[in-house]
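S.K.: Next come a sequence and a model predicted from it.
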Amino acid sequence: MKSLELRMPPVALVAIFAVAMFAFSRFVPATLHIPGKLPLAALFMAVGALIALMGVVAFRRHHTTVNPFTPEQSSSLVSTGIYRFSRNPMYLGFLLALCGWCVYCDNWASALTLPLFVAYMNRFQIQPEERALEQQFGKQYTDYTQTVGRWL
């Protein structure tokens, strides 16, 4: 399973999950009829995009890499701004955007993909990143993980 670590671009993974959610909404009869689904979906997506963007901006301000394939090239540990609340705001933002898409799809079966997204990200993206950051920043990183949650 290690061969799957850091292989899939997170944005591509979001697209794959979004397509799967759409397929569920079209082929699995599990409609919810969510009232006000358009504004609610837009809100989730906008908040998700904002949180992800805040993560990218924080990395840029600290002149460190946003490349999800090379966490070992991180030049600094970012623990300010949005990173005071989440160790992975970009991935949290992606999850919230997928939640918005799920609301838009209006199908409870598509919601079943959300825990799969989290599980995949935890195992194949976040854990390898955490190992690299712990090796790079040592106690500073482990102290950070004790005060800030992986997702929230």
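M.R.: Thanks, I have the structure now. Residues are numbered from 1 along each chain as shown.
S.K.: Geometrically speaking, which residue is the centre of this protein?
M.R.: For the chain, Y91 is the residue whose C-alpha lies nearest the centre (CA atoms, centre = their mean; 1.6 Å).
S.K.: And that one, how far from L152?
M.R.: In this view, Y91 and L152 are 11 Å apart by CB to CB, to the nearest Å. (C-beta placed from N, C-alpha, C; glycine too.)
S.K.: Distance check, the residue nearest to the centre of the chain against T31.
M.R.: Note on Y91: its distance to T31, by CB to CB, is 29 Å.
S.K.: C99 now?
M.R.: In terms of CB to CB, C99 sits 17 Å off from T31.
S.K.: give the contact list for A30.
M.R.: Contact analysis of A30 by CB atoms under 8 Å, 6 or more residues apart in numbering lists 24, 107-110.
S.K.: Just give the nearest non-adjacent residue to it, would you?
M.R.: A109 (4.1 Å; CB to CB, 6 or more residues apart in numbering).
S.K.: do the same with E134
M.R.: Y141 is the one closest to E134 (CB to CB, 6+ apart), at 5.0 Å.
S.K.: for the one you found, helix, strand, or coil?
M.R.: helix (DSSP: H, G, I helix; E, B strand; the rest coil).
S.K.: Who are the contact partners of P89?
M.R.: Per CB under 8 Å, 6+ apart, neighbours of P89: 51-52, 54-55, 58, 82-83.
S.K.: residues in contact with the residue nearest to the centre of the chain?
M.R.: Y91 touches 10, 121, 125-126, 151, counting by CB under 8 Å, 6+ apart.
S.K.: let's see 6 Å
M.R.: Y91 is in contact with M121, counting by CB atoms under 6 Å, 6 or more residues apart in numbering.
S.K.: Brilliant, that's me finished.
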